[in-house]
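Engineer: Using only what follows, build the 3D model:
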Amino acid sequence: MRNLRMSIDSHSKSVNVCAMDSNSSNKNFLRNTIEPTQIAPKTYVVSVAGFHDDEEELITTIAFEHQCAGMSEDLPFIQESLEWEAKLQSNQPRKIQLFYEHEPSAELLNELRSRNHWCVEINEVVPKDWLSEWKKGYNSFELVGGIWIVPSWLTAPKEVQKVIKIDPGMAFGTGTHETTQIVASLIFDLLTKKLNPREIPSVSADIGSGTGVLAMLMKHLGVSKVLALDIDPECVRVCRENAEINNMQIDSQLGSIEQLNESLPLVVANIVDGILIKMAPEFNKKVLPGGFLILSGILCENREDVKRVFENSGFQLKNQLIKTEWVGMTFEKILA
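Structural biologist: Numbering: from 1, shown residues only. The predicted model follows:
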């Protein structure tokens with residue numbers, strides 16, 4: 001059973017989901033869709049907690065009557081299986097954050113505080129140049145096998161021969177997440193013939209490509225044609241821009257594995273394990289017999305479930321790699 005918390009931001013129209021284990025340590029599954037911006041104007045945040053489920057609408061009504069610019073709420077969900085159909089938990093602690101561009105009026109605060117069981121706090125957010133702030137902690141690093149990830153605003157170290165320039169924008173995949181590193185290592189092992197004694201496949205696909213970092217890695221390792229598919233138009237745009245920065249030809253398209261017109265010798269997907277399980281029948285159709293499927297986004301606690309589903313779908317496990325709480329797997333499609 002997996003506990004989830006969904007954050008809904010009405011101002012940016014973004015939805016962010018993370019999963020939490022029994023120790024409540026966050027495991028991010030979906031990227032944060034809020035784009036870093038330039039210096040924002042001063043913002044005031046009014047936090048309201050301790051309310052009952054049926055009082056949420058009253059809070060939002062009061063807020064927007066007093067020129068609220070937007071709101072955000074953490075919603076407690078629970079996922080009872082890997083089918084990724086989360087349910088909202090009732091009678092759980094909840095908190096709403098109300099955002100104001102001007103200092104909230106005493107009338108607003110008094111009205112909120114008149115409900116004795118509500119806990120109301122106000123904080124002033126200091127303006128920052130977020131576009132510069134988030135770049136400070138993002139440096140060049142070796143992804144795998146001498147291939148480096150270099151932010152587009154930095155210069156690669158002189159001794160580095162192979163570089164993937166990345167400007168992540170709002171897309172997932174800077175190369176720093178464990179699941180990305182796992183897939184990169186599995187791809188490297190496969191394409192450098194540590195696992196696969198055959199020729200490098202001429203074509204491959206990255207499903208859920210994000211920034212395109214894995215697609216560009218496959219190009220670096222000798223795959224002639226790489227198709228990058230993502231269901232998010234913003235990811236498609238970012239992937240295309242990163243391919244252009246790296247002077248690579250990546251066929252970046254909007255869609256998922258269903259959009260593949262033919263079966264391929266290599267398919268890669270770094271997606272949530274529940275989604276991977278649902279996609280197993282499509283993977284069976286889109287990977288050639290004798291071809292390879294590399295998967296990650298799988299929690300270690302769910303690896304046996306994923307392994308069983310894909311072995312029952314015509315695949316044989318050939319390799320796996322674990323980093324912290326995540327596992328990646330390389331499967332070979334069984335010859336008919």
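Engineer: Secondary structure element for residue 291, which one?
Structural biologist: strand 287-299 (DSSP states H and E).
Engineer: Likewise for residue 236?
Structural biologist: Under the criterion of DSSP H and E, residue 236 resides in helix 233-245.
Engineer: Partner strands of the helix or strand following that helix and their direction?
Structural biologist: Per DSSP H and E, the first helix or strand lying C-terminal to helix 233-245 is strand 251-254. If you go by DSSP bridges, strand 251-254 pairs up with strand 225-230 (parallel).
Engineer: what angle separates the strand it pairs with from helix 233-245?
Structural biologist: Per axes from the mean of the first three to the mean of the last three Cα atoms, to 10 degrees, the angle that strand 225-230 makes with helix 233-245 is 150 degrees.
Engineer: contacts for strand 225-230?
Structural biologist: Here strand 225-230 makes contact (Cβ atoms under 8 Å, 6 or more residues apart in numbering) with 171, 202-210, 212, 215-216, 218-219, 236, 239, 249-257, 259-260, 264. (C-beta placed from N, C-alpha, C; glycine too.)
Engineer: If we use 6 Å, what do you get?
Structural biologist: 203-209, 212, 215, 218-219, 236, 239, 250-253, 255-256 (Cβ atoms under 6 Å, 6 or more residues apart in numbering).
Engineer: Specify the beta-bridge partners of residue 254.
Structural biologist: Beta-bridge partners, per DSSP bridges, of residue 254: residue 230.
Engineer: What does the pLDDT read for it?
Structural biologist: On pLDDT, residue 254 comes in at 95.
Engineer: Tell me how far it lies from residue 281.
Structural biologist: Residue 254 sits 22 Å away from residue 281, going by Cβ to Cβ, to the nearest Å.
Engineer: where's the one helix or strand residue 64 maps to relative to the chain centroid, distance-wise?
Structural biologist: Per DSSP H and E: residue 64 is located in helix 56-65. Put simply, helix 56-65 sits 31 Å off its chain's centre (Cα atoms, centre = their mean, to the nearest Å).
Engineer: Also compute the angle for the next helix or strand after that helix relative to helix 56-65, please.
Structural biologist: Downstream of helix 56-65, the first helix or strand assigned by DSSP H and E is strand 70-79. Orientation check (the same axes, to 10 degrees): strand 70-79 against helix 56-65 gives 160 degrees.
Engineer: what lines up beside strand 70-79 in the sheet?
Structural biologist: Here, using DSSP bridges, strand 70-79 pairs with strand 2-9 (antiparallel), strand 87-88 (antiparallel), strand 95-100 (antiparallel).
Engineer: Name the residues of that strand that are buried.
Structural biologist: Across strand 70-79, burial judged by 16 or more other Cβ atoms under 10 Å covers 70, 71, 72, 73, 74, 75, 76, 77, 79.
Engineer: Write down the beta-bridge partners of the third one, one by one.
Structural biologist: On the basis of DSSP bridges, residue 72 takes part in beta bridges with residue 9, residue 97.
Engineer: Show me what the strand holding residue 291 is packed against.
Structural biologist: Applying 3 or more Cβ pairs under 6 Å, 6 or more residues apart in numbering; DSSP states H and E, we find strand 287-299 packed against helix 178-191, strand 264-270, helix 273-286, strand 326-333.
Engineer: Noted, bye for now.
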